[in-house]
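Colleague: heads up, no residue letters with this:
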């Protein structure tokens, strides 16, 4: 019977100066994380969109005369803004643009993802000083791109032909990235340790012990070895671990970076593995009534990922750490965030059409032919003579942009003193 992969603690030698800096203890992190989150959200209206998922659904429910079409019950992202879409590699190194964050995933109404993406794009357009007429064209392109995913006559070529220049550039970069690029981007260096500082904080003894224990389990150790073709008896060693201060929406939850070595190859830089451990919390996105989903939040996140972004879902595992649900995911060099901050008029409409097509493909692969046809027919209803987008979509975006702008200014008023932090 083959031996299972094992993980042992093997902390690399570190510079004393880097390890002796004063860092917050585990029991003192929360106030600092909350302050940093508020400061990040105050930096721009687009950043505020990324950090206000819960409020998004409150705003959506509060829209006067709010009535959305009920699409087929499928797994949705639940937090479908532009920053949560980007290049993702599968286990064989193939790279595609897919959704890349599933904290809010539920079996829900696909219209919610489309509206969330529309709000994100409209906010990016306003931040780029684009005129209102461009936002009108963006929402028309958004509807068109999404609908193409359900149109049997559209063909697969669309998703390649519609790539805007910003997507082409990041895809080209992703394909040529190596471990060194990932290490320099995520942990500042390709050396086999995680440098402590503003992004990485030290663990307490309990956290370190629990992470080491978790990485000894067969399924988690196998996650690190599978992508490298290592055998079931490969040795997995924990080189280093730290608390990861990362992302607006996840600040305040458990988040760790763990550096693993496969078969002792760290000395020559081969077979290092960077794992992201992220706490899974209850989703703010509403789920459809009568559907069955995993009760465990980590299992829910992984299941949603497998349906929406198969390339990423196969690289994720649910687990428990200090009796809290967490999701483990190996980070690959090809995984990148698609940054859409400054847009030209032409790029804005192309980006809206392409990203909506990506989201539509993720939804469509979960539906049978009859469901796709029925949903497409519903999407094409209620068009006016002056706007080639569904009335419910346009009304939702207009009111959400207004409500979001007011919420952002109020957030800045409350937390203006911390804008320069984090």
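Modeller: Thanks, I have it. Computed from a prediction, not measured in an experiment: that's the story for all the values here.
Colleague: can you confirm residue 385 is in a strand?
Modeller: No. Judged by DSSP: H, G, I helix; E, B strand; the rest coil, residue 385 forms no part of a strand; its state is coil.
Colleague: Please tell me how far it sits from residue 308.
Modeller: 35 Å (Cβ to Cβ, to the nearest Å). Just so you know, the C-beta spots here come from the backbone N, C-alpha and C atoms, and that holds for glycine as well.
Colleague: Looking at these two, which one has more neighbours?
Modeller: Each of residue 385 and residue 308 has its neighbours counted (other Cβ atoms under 10 Å); residue 308 has more, 27 against 5.
Colleague: Might you report the residue contacts of that one?
Modeller: 75, 76, 77, 98, 99, 102, 105, 362 (Cβ atoms under 8 Å, 6 or more residues apart in numbering).
Colleague: try residue 137
Modeller: Neighbours of residue 137 in contact, by Cβ under 8 Å, 6+ apart: 345, 348, 349.
Colleague: Apply 10 Å and report the result again.
Modeller: Residue 137 is in contact with 125, 130, 131, 345, 346, 348, 349, 352, 353, 388, 389, counting by Cβ atoms under 10 Å, 6 or more residues apart in numbering.
Colleague: you'd agree the second one is up against residue 345?
Modeller: Right, residue 130. Yes. The pair residue 130 / residue 345 is scored as a contact, 6.2 Å apart, by Cβ atoms under 10 Å.
Colleague: Give me the common contacts of the two.
Modeller: Residues touching both residue 130 and residue 345 (Cβ under 10 Å, 6+ apart): 137, 138.
Colleague: Of the contacts of residue 308, which belong to helices?
Modeller: Judged by DSSP state H, those include residue 362 as members of helices.
Colleague: And the contacts of residue 308, which two are furthest apart?
Modeller: Pairwise distances across the contacts of residue 308 peak at 13.8 Å for 76 and 98 (criterion: Cβ to Cβ).
Colleague: who touches both of the two?
Modeller: Shared contacts of residue 76 and residue 98 (Cβ under 10 Å, 6+ apart): 308, 359, 362.
Colleague: what's the closest non-adjacent residue to the last one?
Modeller: Closest residue to residue 362 in three dimensions, ignoring its sequence neighbours and counting by Cβ to Cβ, 6 or more residues apart in numbering: residue 308, at 4.5 Å.
Colleague: Now do that neighbour against residue 124, distance only.
Modeller: 22 Å.
Colleague: about what we covered before: which one of residue 76 and residue 98 is surrounded by more residues?
Modeller: Taking other Cβ under 10 Å, residue 76 and residue 98 do not tie; residue 76 has more neighbours (34 against 22).
Colleague: partner residues bridging that one?
Modeller: residue 106 (DSSP bridges).
Colleague: Could you tell me which residues make contact with it?
Modeller: With contacts defined as Cβ under 10 Å, 6+ apart, residue 76 is in contact with 99, 102, 104-114, 116, 283, 285-288, 304, 307-308, 359, 362-363, 366.
Colleague: Next step: the residues you listed restricted to strands.
Modeller: 99, 106, 107, 108 (DSSP state E).
Colleague: about what we covered before: in CSV, list the shared contacts of residue 76 and residue 98 along with distance to residue 236 and pLDDT.
Modeller: Converted to CSV, these look like this (distance: Cβ to Cβ, whole Å; pLDDT from 0 to 100):
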residue, distance to residue 236, pLDDT
308, 28, 97
359, 36, 97
362, 32, 97
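Colleague: In this protein, which strand is the longest?
Modeller: Longest among the strand segments of the chain by residue count, using DSSP E, is strand 235-244.
Colleague: Which elements pack onto it?
Modeller: strand 6-9, strand 200-201, helix 205-214, helix 218-226, strand 255-262, strand 272-279 (3 or more Cβ pairs under 10 Å, 6 or more residues apart in numbering; DSSP states H and E).
Colleague: separation between the residue most central in space within the chain and residue 83?
Modeller: Centroid-nearest residue in the chain: residue 101, 2.2 Å away (criterion: Cα atoms, centre = their mean). Residue 101 sits 8 Å away from residue 83, going by Cβ to Cβ.
Colleague: try residue 314
Modeller: In this structure, residue 314 and residue 83 are 22 Å apart, going by Cβ to Cβ.
Colleague: more crowded one of the two?
Modeller: Between residue 314 and residue 83, residue 83 has the larger neighbour count (other Cβ under 10 Å), namely 22 against 16.
Colleague: quick one: contacts for residue 108?
Modeller: With Cβ under 10 Å, 6+ apart, residue 108 has these contacts: 71, 73-78, 283, 285-288, 291, 293, 304.
Colleague: Kindly recompute the last result at 8 Å.
Modeller: Residues near residue 108 by Cβ under 8 Å, 6+ apart: 73, 74, 75, 76, 78, 285, 286, 287, 288.
Colleague: Just the buried ones from the residues you listed?
Modeller: Buried by 16 or more other Cβ atoms under 10 Å: 73, 74, 75, 76, 78, 285, 287, 288, out of the contacts of residue 108.
Colleague: Not counting sequence-adjacent ones, nearest residue to the last one?
Modeller: Counting by Cβ to Cβ, 6+ apart, the nearest residue to residue 288 once its immediate chain neighbours are dropped is residue 73, at 4.1 Å.
Colleague: Against residue 308, how distant is the one you found?
Modeller: 14 Å.
Colleague: before we move on, what about residue 53?
Modeller: From residue 53 to residue 308 the distance is 16 Å (Cβ to Cβ).
Colleague: what about residue 238, neighbour count?
Modeller: Residue 238: 21 neighbours (other Cβ under 10 Å).
Colleague: just use 12 as the starting number from now, easier for me
Modeller: With the count now opening at 12, the last piece we talked about shows up as residue 249.
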